[in-house]
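Novice: coords please:
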Amino acid sequence: MREAAQADGSGQRGRRPARPDPAAGPVEAFADRLWRLKLEAGDPSFTEMSSQLGAAASKSSLAAAAQGRTLASWGTTWEFVRVLAVDRLGHDAAETEREWHELWRRTKALAELGDTGLPGAVAETGRAEAVPGPVVGVPQAVEDAPAEAEAVVPAAGFEGESAGAVTAPQVVPGRRPRLNTVGLVTVAALAVLVAVAGGVAFFSEERPVRKPPAAQPTIQVDDSVFEGDITYPDGTLVRRGESFEKVWRIRNTGTVEWEGRFLMRANDAICDAPDRVEIPRTRPGESVDLRVRVRAPRKSGKCRIYWKMVDGQGRTFFPGKRPIFLDVRVG
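Specialist: Sure thing, here's the model as predicted:
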């Protein structure tokens, strides 16, 4: 049987990836939602999404996200969604990022729990509906059995017991225990002492000092702004085999200090460049120059490489912002 073929934007035709079954599980349902977005945006090829539309992810990563075998990272998912929903369909970037990130987070939680009972709800609405069943970690309510009213008094107050003896309370059904004289006197004396002590404390207590209201915690904001290309502006012609340094300048416009952060390469290209570059420590309000060493290939062509800011574990900062990129011609 002949496989269905699809042009990938490079002049070659290949096998069209099979569309996932949304009823197979939450990951497949999420991938099917990506497929529907792709169709709504005109069904561009994954090569076109990665090159012409500017997704900061390789065409293989985009294709894998839509196949639904595993859940793609949020960074890859957002680049898939951004170029289609925001750049091509004109949806609001902030609202789109919030909606899809919540859907991705729910899908990830369902996949980790092994819950395959809600793929339809996830695919259609993005929400996981409540499932009847026991709640883990919450004990079931137990009805208290009715108990007979019985009189229980301390051991020291029962008749016939020596002073100071401590025994278990005696319960006599149908009979009200009686306190002896010593017990009544003792209880009365204690009540008087408590009342006197309370009165003394009341009249001698100083008026409490009212404390000033606690200071509200400062909200931390992590943000950046691109200030420009310092070297090799977009469209610059470089010689074949040439080594050069690309420099961008960005400013820390938030209240969080940048430390332990890196630029992570997000796609493949004909140029040779490192996968990760350290970002110098940058305080709020400061600008920083980001430098990457690049080597042009021995053949002519177009070189475009995207980088995103990440931490030491590869977690992406500013997912709603476009990545910085190198865009030169080699000839």
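Novice: Does Val27 touch Gln67 like I think?
Specialist: No. The criterion here is Cβ atoms under 8 Å, and Val27 misses it with Gln67 at 9.8 Å. Glycine gets a C-beta too; all of them are placed from N, C-alpha and C.
Novice: So between these two, which is more surrounded?
Specialist: Using other Cβ atoms under 10 Å as the criterion, Val27 and Gln67 rank with Val27 on top: 22 against 18.
Novice: And the helix or strand that contains that one, what's buried?
Specialist: Using DSSP states H and E, Val27 sits in helix 26-40. Neighbour-count burial for helix 26-40 flags Pro26, Val27, Glu28, Ala29, Phe30, Ala31, Asp32, Arg33, Leu34, Trp35, Leu37, Lys38 (criterion: 16 or more other Cβ atoms under 10 Å).
Novice: Is Ser243 bridged to anything, and to what?
Specialist: As for beta bridges, Ser243 partners with Arg295 under DSSP bridges.
Novice: any idea how far it is from Thr255?
Specialist: Using Cβ to Cβ, to the nearest Å, Ser243 is found at 38 Å from Thr255.
Novice: Repeat that for Arg82.
Specialist: 26 Å.
Novice: The two: which has the busier surroundings?
Specialist: Between Arg82 and Thr255, Arg82 has the larger neighbour count (other Cβ under 10 Å), namely 25 against 13.
Novice: Where does the prediction get shaky in the stretch 151-300 of the chain?
Specialist: Applying pLDDT under 70 to the stretch 151-300 of the chain picks out residues 151-217.
Novice: Helices along that one, start to end?
Specialist: Applying DSSP state H, counting those that start in this stretch to the stretch 151-300 of the chain gives helices spanning 181-204.
Novice: those strands in it, which residues are they?
Specialist: Along the stretch 151-300 of the chain, counting by DSSP state E, counting those that start in this stretch, strands occupy 224-229, 236-238, 243-252, 262-265, 276-278, 287-295.
Novice: Tell me how far Thr236 lies from Glu242.
Specialist: 11 Å.
Novice: wait, isn't Gly68 in contact with Glu28?
Specialist: Yes. Applying Cβ under 8 Å as the test, Gly68 and Glu28 come out as touching, 4.1 Å apart.
Novice: residues bridging contact with those two, i.e. touching both?
Specialist: Shared contacts of Gly68 and Glu28, defined by Cβ atoms under 8 Å, 6 or more residues apart in numbering, are found at Pro20.
Novice: can you list the domains in this structure?
Specialist: With domains defined by automatic domain parsing, the chain comprises 5-125, 224-330.
Novice: Make sure I have this right: Glu79 is in a helix.
Specialist: Yes. Using DSSP: H, G, I helix; E, B strand; the rest coil, the assignment for Glu79 is a helix.
Novice: Need the per-residue pLDDT for it.
Specialist: You'll see Glu79 listed with a pLDDT of 90.
Novice: how many other residues sit next to it?
Specialist: Neighbours of Glu79 under the rule other Cβ under 10 Å: 31.
Novice: my guess is it contacts Ala55, does it?
Specialist: Yes. Counting by Cβ under 8 Å, Ala55 is a contact partner of Glu79 at 4.3 Å.
Novice: Which neighbours do the two have in common?
Specialist: Leu62.
Novice: residue contacts, Pro284?
Specialist: Each residue near Pro284 by Cβ under 8 Å, 6+ apart is listed here: Asn252, Thr253, Gly254, Thr255, Val256, Glu257.
Novice: Relative to Cys303, which of these is nearest.
Specialist: The closest of the contacts of Pro284 to Cys303 turns out to be Asn252 (Cβ to Cβ; 28.4 Å).
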